[in-house]
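S.K.: Just to be clear, the model below is a prediction. Sequence and coordinates:
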Amino acid sequence: MTDLSAVLDRADQNLPASLERLFGLVRIKSISTDPAFKADCRKAAEWLVAQLTELGFEASVRDTTGHPMVIGHHPGPHADAPHVLFYGHYDVQPIDPIELWEDDPFDPKVKDLGNGRKVITGRGTSDDKGQLLTFVEACRACKEVHGNLPVRVTVLFEGEEESGSPSLKPFLEANAAELTADCALVCDTGMWDGDTPAIAAALRGLVGEELTIKAADRDLHSGLFGGAAANPIHILTDILAGLHDETGRVTLDGFYDGVEETPSNIKAGWETLGRDAKSFLGEVGLSIPSGEKGRSVLELTWARPTAEVNGIWGGYTGEGFKTVIAAEASAKVSFRLVGQQEPAKIREAFRAYVRSRIPGDCSVEFHEHGASPAIQLSYDSPVLTKARNALSDEWTNPAVVIGMGGSIPIVGDFQKMLGMDSLLVGFGLVDDRIHSPNEKYDLKSFHKGIRSWTRILAALAG
């Protein structure tokens, strides 16, 4: 595709019709978690198949044990063209409490908020119907101008993302060969702000552990046994306190194996975003950063591993006072992982550390709560570089490469099961009220999102 401007012009001309198509999809009540809307979920899948077929995709509804998947394939210009897998989801969250909505959640409209800002209202406008249609409408503009797409495209739209994606892994396993591409494109994320696009290059992994330390065979009177009998609460809190040294680093053996320093140019870009400890922590009533000393809050939350105590209990916690030495004490601990840290090694290092601190006449039991590795797209990846440049050409401010403190399971599944890295580009904003009443999607996000994917597809075509 040589004439990018013509495709961008067509995307602009198509905007009124693109909006009508989004309205049509939003009107379908595809609430995946409520069995009452099972037929609506299928209706949404069939609606998407019809749109893809119209654009020359070989598209179909694929049944699962739950709500159906939508799969579409477009051959692109030739067999050797780059191949991308685009992922989105057509299901939405429930609308409760309905009385808090200003408008019917399934009767979308454009509202003028003043100051030149217009938004599209309705359930799913941002999460994820509006987002996935930015890509479909970009394909439409390409097809209408050039009669083809610049790359080979496979789309995967699922209908259970908002209810835990129970059918997704079995579907990926059964259809791995069909779905594998050069890279995945995921449009279920957001902008840094209304004028600054973002690419999420890193997602932290997670290890969850629960431990219970047992001492005496029953709760003890602290007057009779205090000072002589082991107190599991003392043992537990000492263990938890020892997880960090005076500089905030985690003390487990080998914990930082596989953790790399963030490139200086990436950190320099983060410093321009205006997110310091005061502004970040001030939103929750704090001001002094914790964690490793000498690192910014963005580096701490996006690019560094953590050990956090999420819950602790033991002894008497009811009303009044009871002077006992508890027989046991428990805690829940989680580790956020980055880079190439291995979840199994982190779990074993933690258990070995705890066992080394248990007195000979006491014991410890562990219960695991899941594990997933971190996701890291190389900061100098050609795909990331092309997308970053394309986004920077479209928006007021250059695109920023960010990390995300949490995880997006589908990205890990693509990497683990299909061997693909994912490019996370989305156009949602923090005030889109996803999962809440009065969800909205900025008209600017929808329009420029279409133009952005048009540019990215052209850039990926080389």
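M.R.: Yes, it's here.

S.K.: phi, psi of residue 385?
M.R.: Dihedral pair for residue 385: phi -60, psi -40, per degrees, to the nearest 10.

S.K.: Mind jotting down where the strands sit in the stretch 201-350 of the chain?
M.R.: All strands of the stretch 201-350 of the chain, identified by DSSP state E, counting those that start in this stretch, fall at 205-214, 220-221, 306-314, 324-325, 328-337.

S.K.: Turn these into TSV, including mean pLDDT and mean neighbour count.
M.R.: C-betas here are computed from N, CA, C, even on glycine. Below are the strands of the stretch 201-350 of the chain laid out as TSV (pLDDT from 0 to 100; neighbours: other C-beta atoms under 10 Å):
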stretch	mean pLDDT	mean neighbour count
strand 205-214	96	21
strand 220-221	96	16
strand 306-314	97	15
strand 324-325	96	20
strand 328-337	97	21
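
S.K.: okay, the ones you listed in a markdown table with distance to residue 258 next?
M.R.: Below are those laid out as a markdown table (distance: least, C-beta to C-beta, whole Å):
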| stretch | distance to residue 258 |
| --- | --- |
| strand 205-214 | 11 |
| strand 220-221 | 44 |
| strand 306-314 | 15 |
| strand 324-325 | 41 |
| strand 328-337 | 8 |
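
S.K.: Can you give me the domain assignment for the protein?
M.R.: 4-202+375-461, 205-259+305-372 (automatic domain parsing).

S.K.: Of all these, which one is nearest residue 284?
M.R.: Proximity to residue 284 (C-beta to C-beta) singles out domain 4-202+375-461 among the domains of the chain, at 13.9 Å.

S.K.: what mean pLDDT does that closest one have?
M.R.: For domain 4-202+375-461, the mean pLDDT works out to 96.

S.K.: just the domains of the chain: most buried one?
M.R.: Highest mean neighbour count among the domains of the chain (mean count of other C-beta atoms under 10 Å): domain 4-202+375-461, with a mean of 19.

S.K.: Looking at the strands of the stretch 201-350 of the chain, spot the one closest to residue 362.
M.R.: That would be strand 205-214 among those, by C-beta to C-beta, at 6.3 Å.

S.K.: Adjacent strands (with direction) for that closest one?
M.R.: Strand 205-214 has its sheet partners listed here by DSSP bridges as strand 328-337 (antiparallel), strand 363-372 (antiparallel).

S.K.: Would you format those strands as CSV with distance to residue 271 included?
M.R.: What follows is these, written out as CSV (distance: least, C-beta to C-beta, whole Å):
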stretch, distance to residue 271
strand 328-337, 22
strand 363-372, 29
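
S.K.: So for residue 304, which of those strands sits nearest?
M.R.: strand 328-337 (8.4 Å).

S.K.: for that closest one, the distance to its chain's centre please.
M.R.: Centre-to-centre, strand 328-337 and its host chain are 23 Å apart (C-alpha atoms, centre = their mean, to the nearest Å).
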